[in-house]
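Undergrad: kindly return the folded structure for what I paste below:
(one chain, ligands or ions: 3)
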Amino acid sequence: MEQCSRCKTTEKPLFRLKITGRLICPSCFIKYYEKKVKNTVLKYGMLKDVRKLALAVSGGKDSLALARVFLEAFPKIKFTIIHLNLGIPNYSDECQGVVERFCRENSIELILYDLKNRNGYSIYDFVDGPFSKRLCGVCGIVKRYLMNKIAFENGFDTLATGHNLDDTVEVLFNLYINGRIDEVARIRPVLSSVNPRIVKKIKPLIEMTDEEDLYYVISRKIDYASSECPLVKGSRMIKRKKLILKIEEEIPHFKYLLLKTHIKRFLPILEEYVPPPSLRECEKCGMPSVDLICSFCKLSSRIERLVESN
Ligand code: SF4
Ligand SMILES: [Zn+2]
Ligand SMILES: [Zn+2]
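TA: Numbering: from 1, shown residues only. Ligands and ions are numbered 1, 2, ... in the order given. This next block holds a predicted model:
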């Protein structure tokens with residue numbers, strides 16, 4: 001008879017974890033997950049010297065797992081949640097609703113930023129234009145820029161995101177095959193601040209898989225936005241994630257091994273040979289930028305022109 005490999009209960013549901021191949025019940029899984037995240041946070045010193053912490057929460061399973069695990073594993077650490085409403089029809093409002101409810105139920109301060117109201121355009125406005133083939137890339141630029149800016153302007157010194165092992169390996173895979181060495185050097189569990197206007201970023205879920213985050217939100221009965229972003233269809237990111245899962249079927253622990261090798265073997269060498277980017281103030285917004293105008297402002301002026309001409 002099927003039973004939990006830890007407490008031996010035969011009560012359903014039981015999850016079979018790909019990472020261990022064993023069956024586990026929800027209450028044993030919760031203990032396993034929270035301990036593993038706590039160990040990761042401590043191992044990389046993620047909360048060292050943190051004065052004011054913000055969590056970027058989209059409303060999906062990963063970021064809500066992050067918020068809940070912080071409440072459970074670090075009950076003394078206060079944090080604020082930052083949520084961006086990206087203006088994607090049939091998706092963004094559901095995400096916002098889920099995050100608002102979570103904050104209300106757990107008495108967490110919420111900073112809400114509505115892209116359409118504040119900037120006059122939404123991610124959906126990119127669908128028909130020259131960026132239609134790389135919507136997730138565009139969305140990534142907007143999210144990274146705004147999350148940092150909101151955190152900085154509200155006095156936070158650390159921003160935690162829900163990027164997990166699957167996300168991180170997918171990004172690494174893409175950067176390596178495209179030879180984007182500077183960016184490879186920035187993929188790390190803790191990205192220290194290199195400028196007073198850039199807040200430190202931490203990834204407490206970097207060793208957790210998509211599957212583990214999903215089982216955690218199910219086990220803890222956390223309400224999350226279950227619908228998929230409609231813009232993700234056909235995205236190269238999803239194709240790469242599927243390919244990586246296939247590799248993992250042939251090479252067990254491939255994702256974790258790749259991350260470990262990256263952190264232990266490659267990062268120390270990259271740190272020596274890849275200088276930190278030299279930054280100046282963006283002429284439009286004043287935020288740190290490699291070029292005269294930052295990627296966000298370049299993108300914004302192009303889409304503002306398109307939105308106005310329609
Ligand atoms: S799937 Fe792509 S477009 Fe949709 S929210 Fe995620 S990054 Fe943005
Ligand atoms: Zn059990
Ligand atoms: Zn700018």
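
Undergrad: for the residue nearest the centre of the chain, helix, strand, or coil?
TA: Centroid check for the chain by C-alpha atoms, centre = their mean gives H163 as the closest residue, at 3.2 Å. Three-state assignment for H163 (DSSP: H, G, I helix; E, B strand; the rest coil): coil.

Undergrad: what's the pLDDT at it?
TA: What the model reports as pLDDT for H163 is 98.

Undergrad: hmm, it is touching L205, no?
TA: Yes. Taking contacts as C-beta atoms under 8 Å, H163 lies within contact range of L205: 6.6 Å. Quick note: C-beta positions are derived from backbone N, CA and C, even for glycine.

Undergrad: so what touches the lowest-mean-pLDDT helix or strand in the chain?
TA: Among the helices and strands of the chain, helix 295-309 carries the lowest confidence by mean pLDDT, DSSP states H and E, at a mean of 88. Contact with helix 295-309 is made by 119-121, 125-126, 129-131, 138, 141-142, 145-146, 282, 284-285, 287, 289, 291, as judged by C-beta atoms under 8 Å, 6 or more residues apart in numbering.

Undergrad: switch to 10 Å and redo it
TA: When contacts are defined by C-beta atoms under 10 Å, 6 or more residues apart in numbering, helix 295-309 is touched by residues 116, 119-123, 125-126, 128-131, 137-138, 140-146, 148-149, 282-287, 289, 291-294.

Undergrad: right, is that helix up against ligand 1?
TA: No. Helix 295-309 stays clear of ligand 1 (C-beta under 6 Å from any ligand atom), getting no nearer than 13.3 Å.

Undergrad: show me what counts as buried in that helix.
TA: Using 16 or more other C-beta atoms under 10 Å as the test for burial, helix 295-309 gives 295-300, 302-303, 306-307.

Undergrad: same check, this time on stretch 254-270
TA: Result for stretch 254-270 [16+ other C-beta under 10 Å]: buried residues 254-255, 258-259, 262-263, 266-267, 270.

Undergrad: among those, which one sits closest to L175?
TA: H262 (10.2 Å; C-beta to C-beta).

Undergrad: leaving out sequence neighbours, find the closest residue to that closest one.
TA: Leaving aside its chain neighbours, H262 sits nearest to L172 (6.0 Å; criterion: C-beta to C-beta, 6 or more residues apart in numbering).

Undergrad: so how far is the host helix or strand of that neighbour off the chain centroid?
TA: Element membership of L172 [criterion: DSSP states H and E] is helix 165-177. Chain-centre distance of helix 165-177: 13 Å, with C-alpha atoms, centre = their mean, to the nearest Å.

Undergrad: so what sits against both of H163 and L205?
TA: The contact lists of H163 and L205 share 62-63, 66, 189, where a contact means C-beta under 10 Å, 6+ apart.

Undergrad: make JSON lines out of those and add pLDDT and secondary structure.
TA: Shown next, in JSON lines, are the shared contacts of H163 and L205 (pLDDT from 0 to 100; DSSP: H, G, I helix; E, B strand; the rest coil):
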{"residue": "D62", "pLDDT": "98", "secondary structure": "helix"}
{"residue": "S63", "pLDDT": "98", "secondary structure": "helix"}
{"residue": "L66", "pLDDT": "98", "secondary structure": "helix"}
{"residue": "P189", "pLDDT": "98", "secondary structure": "coil"}
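
Undergrad: and those residues, which two are the farthest apart?
TA: S63 and P189, at 16.5 Å, using C-beta to C-beta across those.

Undergrad: who has more neighbours out of these two?
TA: S63 (27 against 22; other C-beta atoms under 10 Å).

Undergrad: show me the contacts for K284.
TA: 292-294, 296-298, 300-301.

Undergrad: what's the burial count for E228?
TA: Neighbours of E228 (other C-beta under 10 Å): 11.
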